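> Sequence isn't available, so here's the structure alone:
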């Protein structure tokens with residue numbers, strides 16, 4: 001039985017990766033800061049290794065004997081400025097590279113479409129943003145995107161130099177069980193049974209189910225040509241804003257009314273949307289631009305054709321199942 005180490009195993013993506021690896025016959029080891037709080041993992045046969053991605057010795061010890069390291073640990077929305085993102089995301093990735101290299105393990109780095117920046121993701125010619133799209137300059141406060149860009153650079157440099165076999169996946173906004181970001185925020189807004197939408201909510205959301213991300217991660221790990229390449233996991237299935245809210249309501253046991261407002265009105269009320277959008281998706285869009293409004297009013301600009309063609313990515317969870325399940329899980333646990 002092959003061995004795999006998962007960092008961030010108690011997080012949303014990490015939890016799905018752990019279960020997927022187990023179903024595929026892997027013995028899974030999880031790097032956890034507090035073993036007492038990770039009892040759910042140990043009860044399903046996961047080996048717990050106490051440590052932190054910022055502590056190189058413990059991480060290297062946890063990776064010893066593993067053929068695969070999935071690096072899913074990251075700070076997504078935190079306070080404290082650049083250093084609060086740099087240390088866990090950049091330094092943590094450096095330590096994961098060193099640990100995987102010492103173990104002679106493959107490394108799958110969980111990155112983000114945030115690396116593209118907001119300036120070029122909606123292309124003037126209507127083409128989708130793929131892995132060959134040049135990165136746009138990042139705003140000064142785009143700390144999450146900057147940290148993901150710098151951590152990717154470390155991963156691919158290590159692969160080019162022959163220090164480790166490595167690949168990276170770039171999901172859009174992730175939802176599913178164990179979600180601490182999107183689902184809780186939307187669930188709290190939907191408790192009133194009303195959610196205003198722009199233009200009837202017909203735009204396609206940039207979201208992906210965590211189980212489908214895990215599927216892409218595991219496929220990347222076992223695909224030789226994935227080494228040194230990045231893969232968008234960005235459009236498993238199209239789901240519009242209105243459909244997402246209705247399906248969320250199904251999971252919460254509520255019928256959601258969706259009064260529509262014109263885009264022109266929404267743009268003139270940008271200050272209001274800069275309050276609403278961060279509530280829904282956090283501060284990953286840095287609020288003070290049209291990016292937050294774009295998320296709610298423009299079609300998903302990304303394509304995952306490379307993942308489908310090279311990894312055989314075949315997302316197992318459709319929105320009609322995944323969205324109600326995610327919100328029903330949240331309701332049961334909160």
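Nice, thanks for sending it over. This is a predicted model, so every value here is computed, not measured.

> How many neighbouring residues does residue 233 have?
Using other Cβ atoms under 10 Å, residue 233 has 30 neighbouring residues. For the C-beta atoms, the positions are set from N, CA and C on the backbone; glycine is no exception.

> can you pull the contacts of it?
By Cβ atoms under 8 Å, 6 or more residues apart in numbering, residue 233 lies in contact with 169-172, 208, 212-213, 216, 304, 307, 313.

> Out of those, list just those in strands.
169-171, 208 (DSSP state E).

> okay, the residues you listed in CSV with neighbour count, pLDDT and distance to residue 59 next?
CSV is the format used below for the ones in strands among the contacts of residue 233 (neighbours: other Cβ atoms under 10 Å; pLDDT from 0 to 100; distance: Cβ to Cβ, whole Å):
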residue, neighbour count, pLDDT, distance to residue 59
169, 29, 98, 20
170, 25, 98, 23
171, 27, 98, 23
208, 29, 98, 27
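
> Nearest to residue 75 among the residues you listed?
residue 171 (15.6 Å; Cβ to Cβ).

> doesn't residue 110 make contact with that closest one?
Yes. Between residue 171 and residue 110 there is a contact under Cβ atoms under 8 Å: 7.3 Å.

> Name the residues contacting each of the two.
In contact with both residue 171 and residue 110: 13, 213, using Cβ under 8 Å, 6+ apart.

> Which member of the contacts of residue 233 is positioned nearest residue 33?
Once Cβ to Cβ is applied, the member of the contacts of residue 233 that ends up nearest residue 33 is residue 213, at 22.4 Å.

> Hmm, residue 149 is touching residue 142, no?
No. The criterion here is Cβ under 8 Å, and residue 149 misses it with residue 142 at 9.1 Å.

> Then residue 108 would be within a strand, right?
Yes. According to DSSP: H, G, I helix; E, B strand; the rest coil, residue 108 belongs to a strand.

> So which residues of the stretch 101-250 of the chain form strands?
106-110, 166-171, 173-175, 197-198, 207-209, 230-233 (DSSP state E, counting those that start in this stretch).

> Out of those, which gets nearest to residue 328?
strand 173-175 (12.6 Å).

> and the gap between the nearest residue to residue 115 once chain neighbours are set aside and residue 90?
Distance criterion Cβ to Cβ, 6 or more residues apart in numbering; nearest residue to residue 115, sequence neighbours excluded, is residue 149 at 4.6 Å. Noted for residue 149: a distance of 9 Å to residue 90, by Cβ to Cβ, to the nearest Å.

> same thing with residue 30?
Taken as Cβ to Cβ, the span from residue 30 to residue 90 is 22 Å.

> Comparing these two, which residue is more hemmed in?
residue 30 (25 against 20).

> list the buried ones in the host helix or strand of the more buried one?
Residue 30 is part of strand 27-32, with elements assigned from DSSP states H and E. Buried residues in strand 27-32, counted by 16 or more other Cβ atoms under 10 Å: 28-32.

> same deal with stretch 211-224?
Buried residues in stretch 211-224 (16+ other Cβ under 10 Å): 211-221, 223.

> For it, give the mean pLDDT please.
If you average the pLDDT over stretch 211-224, you get 98.

> Let's have the strands of the stretch 101-250 of the chain in CSV, adding distance to residue 327.
CSV is the format used below for the strands of the stretch 101-250 of the chain (distance: least, Cβ to Cβ, whole Å):
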stretch, distance to residue 327
strand 106-110, 23
strand 166-171, 19
strand 173-175, 9
strand 197-198, 17
strand 207-209, 12
strand 230-233, 21
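
> any idea which of these scores lowest on pLDDT?
For the strands of the stretch 101-250 of the chain, where the average pLDDT is lowest is strand 197-198, sitting at a mean of 90.

> Just name the shakiest helix or strand of the chain by mean pLDDT.
helix 270-281 (a mean of 57; mean pLDDT, DSSP states H and E).

> Mind listing residues that contact whichever helix or strand comes after the strand holding residue 30?
Sequence-wise, the next helix or strand downstream of strand 27-32 (DSSP H and E) is helix 39-43. By Cβ under 8 Å, 6+ apart, the surrounding residues in contact with helix 39-43 are 9-10, 18, 30, 32, 35, 48.

> Just the buried positions in helix 39-43, please.
residue 41.

> same check, this time on stretch 65-73
66, 68-73.

> From the structure, what's the count of residues near residue 160?
10.

> Just the pLDDT for it.
98.

> check contacts around it.
residue 228.

> Check the one 5 residues further on too.
Contacts of residue 165 were listed using Cβ under 8 Å, 6+ apart, and they are 106-107, 159, 227.

> for it, phi and psi?
Per-residue torsions, residue 165: phi -80, psi 120 (degrees, to the nearest 10).

> Do you know the pLDDT at it?
On the pLDDT scale, residue 165 is placed at 98.

> Help me confirm that residue 68 comes into contact with residue 2.
Yes. Applying Cβ under 8 Å, one finds residue 68 in contact with residue 2, separated by 7.1 Å.

> what sits in contact with each of the two?
Joint contacts of residue 68 and residue 2 (Cβ under 8 Å, 6+ apart) are residue 26.
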